[in-house]
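Asks: Here is my input, please return the structure:
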Amino acid sequence: MAYGTTTTANVTSVVDQFYTKDLLDVLYNNSPLYQFAYKVNLPSHNSKTVAFRRYDKTTTWQSITDGVQPQFSQAAATDTTVSIGWYGAGHKITDQVTLTIEDPIIREHQMMIQETAKEKLDSLILTSLYATNSVWACYSSATPYTNIKVDFDGSTFTQCDTPITTTILETAAQIMRSNLIKPVTKQIMNSTRYGSSSLPASYLLFAPTATQSFWRTLTGFIPKNEYSFDNFVLDDEIGAAGPFRIILDDNMTVASATGGGNSRAVYPFLLIGMDGSRMPYGVVELDKKSVEVRTYARGTSPDYWAQFDIVTGKFAHASVVLNDEAVVVLYAPLT
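Replies: Residues are numbered from 1 along each chain as shown. A predicted model of the protein is given here:
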């Protein structure tokens, strides 16, 4: 290595802080599932478990008399403990690269790690949300729109006959409202400055990327470029259908290609609402204690023979559903 070259061996802390902050920004800003989660800090000294605490809704309103002390209810706390896992990835760069802070090749590899970290984080949270006890299936009957919330044991998709429609979405939202689950986003009124379409207070709907063309042709669908505002449009959001904002996720796939009526493909759709003022699922907070990115120059451990540069990243993660009524997996065909 040439004399006078600035490497991570000389400025390790500077490089680590720069790339770690960069990775945090990518994960914070581009992961909708993380943005809307209830977050807790990684335990001190990196414990293997993390506890999510929630208080039950036990408040009872009563008629009170002036000067008389009323009886107040006691709020009960519920702790959910989840194991923490660490996830990492790294690149070995074996061509002759001069490892400076601004080296475009090193920077390119850092960006690739950041993007794949976002996808991995989404897939981990998605797996946790799939574990909800609220699993619905659309099936045909004399009154199909009143029967979208049925028990689904996961062993057969033949009952998933009723396709997704705006009416189905309205019914799903009504069921969530009846369980005191609130929309995630507030109502957005018309604006002459941006798009022409207002949006109602909306829940979130995560859908497989393969369903994109279906949503764009669904009656009443509002593409995101017609929103009456230009901020707070989520990464991978394509628009709104009824009371739901539609977000595509590459980690969601077809549930069954042979299920449903007439062997139609059945897809999983993830419906999410607010449990009071908080999201109904939790994740570990992403910060400098739980995220780390490092680069190692040639000639440093474990490459004592100076044959390659190393770019690595890792993060700690745990996630869990805290209120099943606000996290729903709905199985249904498209047509």
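
Asks: Can you report how many residues lie near Val293?
Replies: A count of nearby residues for Val293, using other C-beta atoms under 10 Å, gives 25. Yep, even glycine has a C-beta here, placed from its N, CA and C like the rest.

Asks: Send over the helix or strand harbouring it as PDB, restricted to the C-alpha atoms.
Replies: With elements taken from DSSP states H and E, the one containing Val293 is strand 291-296. C-alpha atoms of strand 291-296 as PDB (Å, rounded to 0.1, in the frame of the first residue of the first chain):
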ATOM      1  CA  VAL A 291     -26.300  -0.800  14.300                       C
ATOM      2  CA  GLU A 292     -22.600  -1.000  13.200                       C
ATOM      3  CA  VAL A 293     -20.800  -0.700   9.900                       C
ATOM      4  CA  ARG A 294     -17.100  -1.100   9.600                       C
ATOM      5  CA  THR A 295     -14.400  -1.300   6.900                       C
ATOM      6  CA  TYR A 296     -11.100  -3.000   7.300                       C
END
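
Asks: tell me what it is packed against?
Replies: Applying 3 or more C-beta pairs under 8 Å, 6 or more residues apart in numbering; DSSP states H and E, one finds that strand 291-296 contacts helix 12-30, helix 104-130, strand 309-317.

Asks: Quote the end-to-end distance of stretch 64-82.
Replies: Length of stretch 64-82, first residue to last, C-alpha to C-alpha, to the nearest Å: 42 Å.

Asks: After the least confident helix or strand in the chain by mean pLDDT, which helix or strand is next? Please name it.
Replies: The weakest-scoring helix or strand in the chain, judged by mean pLDDT, DSSP states H and E, is helix 12-30 (a mean of 66). Remark: after helix 12-30, the chain's next helix or strand is helix 32-35, criterion DSSP H and E.

Asks: Give the residue spans of the stretch 51-200 of the chain that score low on pLDDT.
Replies: Residues of the stretch 51-200 of the chain that meet the criterion pLDDT under 70 lie in 58, 95-104, 140-159, 188-197.

Asks: And the strands in it?
Replies: Counting by DSSP state E, counting those that start in this stretch, the stretch 51-200 of the chain has strands at residues 77-83, 85-93, 135-137, 181-182.

Asks: and among those strands, the most buried is which?
Replies: The highest mean neighbour count among the strands of the stretch 51-200 of the chain, using mean count of other C-beta atoms under 10 Å, belongs to strand 135-137: a mean of 22.

Asks: chain center to that strand: distance?
Replies: On the basis of C-alpha atoms, centre = their mean, to the nearest Å, strand 135-137 sits 20 Å off its chain's mean C-alpha point.
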